[in-house]
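Asks: sequence unknown, structure follows:
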């Protein structure tokens, strides 16, 4: 079975304030006060992809520019994971104080690293990934189905 995720992650209240930036932005609550915005094809196209950054599927200059803007109010990250049959990798970019401060591609533990920077704590779980609830869905379609646009 595979795992597939492309999303923006940050404090719920921060991301909720920026949902109005793009009509395609939707929010999914995670644990520990975090939330994610699934990077749907619709949202990616709306942001204006520009040049892809590194070899990451939905991380572009347009996405990075939006996250730089959001980071002026608090830390935020872009995460991407793709696994099938044990093979795959993780990509993550972390933004704080109006700039990208960390970029890690195609390694294991990259998502845990940015979740720690966002304040996630392991607690009784195996790692930050589990602690915030990212194993809840294994496919983008399931994250998208859960996503809402709070009023």
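Replies: Okay, I see it. No experiment lies behind these values; they were computed from the predicted model shown. Numbers count the residues shown, from 1 in each chain.

Asks: Which SSE is immediately downstream of the least confident helix or strand in the chain by mean pLDDT?
Replies: Least confident element among the helices and strands of the chain, by mean pLDDT, DSSP states H and E: strand 99-107 (a mean of 76). Note on strand 99-107: by DSSP states H and E, the next helix or strand toward the C-terminus is helix 110-117.

Asks: Okay, buried residues for that following helix please.
Replies: With burial defined by 16 or more other CB atoms under 10 Å, the residues of helix 110-117 counted as buried are 110, 111, 112, 113, 114, 115, 117. For glycine as for every other residue, the C-beta is placed from the backbone atoms N, C-alpha and C.

Asks: Would you mind giving the residues you listed as TSV with pLDDT and distance to residue 67 added?
Replies: TSV is the format used below for the buried residues of helix 110-117 (pLDDT from 0 to 100; distance: CB to CB, whole Å):
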residue	pLDDT	distance to residue 67
110	86	16
111	91	15
112	92	19
113	92	16
114	93	11
115	95	15
117	95	13
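
Asks: out of the residues you listed, which one sits closest to residue 33?
Replies: residue 115 (11.9 Å; CB to CB).

Asks: May I have the phi/psi pair for the nearest residue to the closest one once chain neighbours are set aside?
Replies: Residue nearest to residue 115 in three dimensions, not counting chain neighbours: residue 128, with 3.8 Å by CB to CB, 6 or more residues apart in numbering. When read as degrees, to the nearest 10, the backbone of residue 128 gives phi -60, psi -40.

Asks: repeat for residue 25
Replies: phi -80, psi 130.

Asks: And it, how far from residue 6?
Replies: 13 Å (CB to CB, to the nearest Å).

Asks: Kindly report the same for residue 37.
Replies: 10 Å.

Asks: Identify the contacts common to the two.
Replies: Here residue 37 and residue 6 share no contacting residue, scored by CB atoms under 8 Å, 6 or more residues apart in numbering.

Asks: This protein: strands as residue ranges?
Replies: Secondary structure of the chain (DSSP state E): strands at 2-11, 28-29, 34-38, 76-84, 87-96, 99-107.

Asks: Tell me which of the ones you listed is the most buried.
Replies: strand 34-38 (a mean of 25; mean count of other CB atoms under 10 Å).
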